[in-house]
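1. I need the structure of the sequence given here:
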Amino acid sequence: TTLQRMLTSQQSSGRPQGRHKVSIRWRVVEGGCHTDTRSILDGAATDQHRTTMLNNQSQQVERETTMSPSSKSKRDSKGTMGRRSIVPGEGTLSPTSKAKTIGRARRKSELTAITAFTDVRPEGLSRTEVNQLMTRELRLRDGCKNMLNLISKDTKNVAQRMEIKAQLGSIHKNVMRLHSELQKINMQTALACRCESLEISPFPMIALALKETVQADDFEENLFEFIESHYQEPREKLSGPIKTLCAAREAARLAGIDGGADGRDALQMYYWHLQRAEHRFFQEDRCRSTVFQWYDAFEGHPITKKSLKLEKASVLYNFAALSTQIACKADRNTVKGLEAAIESLQAAAGVLQFIREESSLKTSVSTDLSRSSLSTLSTLMLAQGQECLWYLGLKVGKDANPNWQPDGAEAAAVSEWYTSVRESLRQPLSSSMPKTWIDMVCFKEVYYRGIADWYVGIADMAQTHRSKKVAGVAKVYRASLVLKGCLAKWRKNMQTDPEFADMIEDHLGLARQVLESVDKAILDGIADKLDRVPAVTGKAMRWAIAKPDDIINHNHPDLFAALGPVYFFNAMCALVERRTHDLSLSSDGDFGLTLSGGNPVRISDVGYSGSAAEAGVKCGDYIIEVNDTDVRGRVASEVEAELQKAARGNKTVSIVVVVNYDMQNFEELINPELPSAVADHVDTMTMPSQWCTMPGSPGATFSLAGKSPFKLDVVEA
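-> Next up is the predicted model:
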């Protein structure tokens, strides 16, 4: 219908239409074409040609299979519909042959539709558009593979197989183009977060991009259905909390647009609500009919699962990614801004490590959530945090004393962190991460190693011992070589930030100025033995550490407290029955039942002659309401007082009870009902002698903690 309306509009306007997004669903089935896989078709002319081709071929097959022999001969003589019949030598087709012929023609039409797609040009598209195109190309690739498997057994379809393989190659090129475009978008995200006019921290930092998701339209309705079926509660009772949860998810989905602290607070709030809702509604990580779909932040692949693990892990990843963006946007010219950046980077590293180590979140469904990727990204955030600590110490020291010189071991510590990042890079992250990021990691590793040699060498040259002076000259000489290589690499690979080369050039100029005062013969001797000079060991007064406390530790109130205590009212405990009973107060002022425990109160005993037994109350039921008053969060004494209060005006009291067999068996296991007093007459119980504390002694006594003793006669087993 959309396609027809689009074509009608084009014909009426008399001019070609632009890019259209049309949902066409394809799936290869046995003997025909069915709608199942979504794809986006580009251009109205291509859509019109493909649709006309499918209709014409199907109608032609239908006409030929139902045409009489005389009509066929007349057609062949006139030559208006072709010179060949479908089955040579036969005027009509049997039902089996007719079905095979129609299926063959439909498969051919479907093949034509699949191979009609053109190359993708993703330049200038947004992340959402790239993700949609990636979804289309991946589904087309799966469809071509299914088609190839279908016709692989037919030796006559060699040409079709070659055509499908050619189309697979074209789809692969499109996927590679989309990967490259996504890497550019990730790189632009980091550049967009950079604070302008950074004098104290001239090098750009790496900021992660947020994962994208789609709206879960059935999320709210599925939760309401679960409340009605499992808890047997009306949906109006929890309408407010459910809508709050759905609103929190929508706010978390748009957290990347809001950005800043507000977006991070939205992600944090939604994760807390998920923690509370997990035990209430999701059985063994199954979300009933709710499907969560998230896009890989590095490759753009859609990940679709009926799993709350994917939802929680993705929300935490976005929290970490947004923390890195906040750190990059911080004003690192000031001590306060550097401290804020350090805290954000440490929080991001802690959350990434938490996703990797938490057993309930372990998943490798995508590149950004694989264990190796999370480990690498966490180490990268700590390396950037250590870099901010280096500049923080430099800022504080220079402000206190302009002649103050930092310790080179602090810069060596930063270099060692980036060395760990480079060594931890593994597939598939190494091929999906932007090349600029990898170049930046390698560059910073070498640069801070040269800075460490420079400061340590200057300090050693100021010593009085000759060997120290020579070692200092060697370190300064090595620093000049390293900085020279860094300057060349930066100008070649980081052309978007040429101004950052000025500071490297300043350090290099200082090193050359120092080396000009050294005898050339000494420098020639040092150059031959430069590989023997030990590297500076990294030491730091303050190390960057992972801190996931911001999002993990929380005391936020439970949205679903109205359901009752979570240990009892959860998705794993089956509330198999819910009943309402009307009790009447006896002349003795009793209802004929005994209550125990609390949250909720359990009916531990029902008298045979009381009104509770007549009303059908059973031992083991749990009281949740008394005259429309919710008592599921009270103890036995409070419920008894509520029963007496309700019976004052009216002797008939209505109670609502539920049955929870799982909790009933658990309570009987940990709290067995034993006699509270010794009987007047002593009964004997035959038991094996090895059970007694005094074997062979008649009348041995057993003492149970908290209960009265039993007197047992001892007999031989």
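2. could you pull out the strands for the protein?
-> Secondary structure of the chain (DSSP state E): strands at 23-29, 32-40, 292-295, 302-305, 575-584, 593-597, 601-606, 622-626, 629-630, 652-660, 701-702, 710-711.
3. identify each buried residue in the fourth one, please.
-> Applying a neighbour-count criterion of 16 or more other C-beta atoms under 10 Å, the buried positions in strand 302-305 are 302-303, 305. C-beta: built from backbone N, CA, C; applies to glycine.
4. make TSV out of those and add pLDDT.
-> Listed next are these as TSV, based on pLDDT from 0 to 100:
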residue	pLDDT
Pro302	88
Ile303	87
Lys305	84
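5. just to revisit the earlier point, which of the strands of the chain has the lowest average pLDDT?
-> Comparing mean pLDDT across the strands of the chain, the weakest is strand 32-40, with a mean of 35.
6. longest helix in this structure, please.
-> Longest helix of the chain, by residue count under DSSP state H: helix 158-192.
7. in that helix, which residues are buried?
-> 160, 163-164, 167-168, 170-171, 174-175, 177-179, 181-183, 185-187, 189-190.
8. what do you get for stretch 645-664?
-> So for stretch 645-664, counting by 16+ other C-beta under 10 Å, buried means 646-647, 653, 655-660, 663-664.
9. for stretch 451-463, same thing?
-> Going by 16+ other C-beta under 10 Å, stretch 451-463 has these buried residues: 451-458, 460-461.
10. cool, stretch 625-641 as well?
-> Buried-residue list, stretch 625-641, by 16+ other C-beta under 10 Å: 625-627, 631-632, 634, 636, 639-640.
11. of those, which belong to helices?
-> Per DSSP H, the buried residues of stretch 625-641 map to helices at 636, 639-640.
12. phi, psi for Ala571 please.
-> When quoted as degrees, to the nearest 10, the phi and psi of Ala571 stand at phi -70, psi -20.
13. next, count neighbours for the residue lying closest to it once chain neighbours are set aside.
-> If the residues on either side of it in the chain are set aside, Ala571 comes closest to Gln283, at 4.5 Å by C-beta to C-beta, 6 or more residues apart in numbering. Around Gln283 there are 14 other residues, counting by other C-beta atoms under 10 Å.
14. thought Gln283 was touching Cys573?
-> No - using C-beta atoms under 8 Å as the test, Gln283 is too far from Cys573 to be in contact (10.4 Å).
15. can you tell me how far the nearest residue to Leu140 once chain neighbours are set aside sits from Lys184?
-> The shortest distance from Leu140 to any non-neighbouring residue, by C-beta to C-beta, 6+ apart, is to Ile171 (5.5 Å). Counting by C-beta to C-beta, to the nearest Å, the gap from Ile171 to Lys184 is 21 Å.
16. Phe292 too?
-> Phe292 sits 27 Å away from Lys184, going by C-beta to C-beta.
17. ditto for Lys444
-> Distance from Lys444 to Lys184, by C-beta to C-beta: 21 Å.
18. also Pro534?
-> 41 Å.
19. then Ala207?
-> With C-beta to C-beta as the criterion, Ala207 and Lys184 are 15 Å apart.
20. ok, for Ile504, nearest residue in space, not its chain neighbours?
-> In space, Ile504 is closest to Leu487, 4.8 Å off (C-beta to C-beta, 6+ apart).
21. what about that neighbour, neighbour count?
-> Neighbours of Leu487 under the rule other C-beta under 10 Å: 17.
22. give me the local confidence score for it.
-> 84.
23. mind listing what it touches?
-> Contact analysis of Leu487 by C-beta atoms under 8 Å, 6 or more residues apart in numbering lists 501, 504-505, 508.
24. for the stretch 101-250 of the chain, give me the ranges with low pLDDT.
-> The stretch 101-250 of the chain contains residues with pLDDT under 70 at 101-124, 153-156, 187, 190-203.
25. residue contacts, the residue nearest to Leu140?
-> So Ile171 contacts 117, 137, 140-141, 144 (C-beta under 8 Å, 6+ apart).
26. Leu394: neighbour count?
-> 18.
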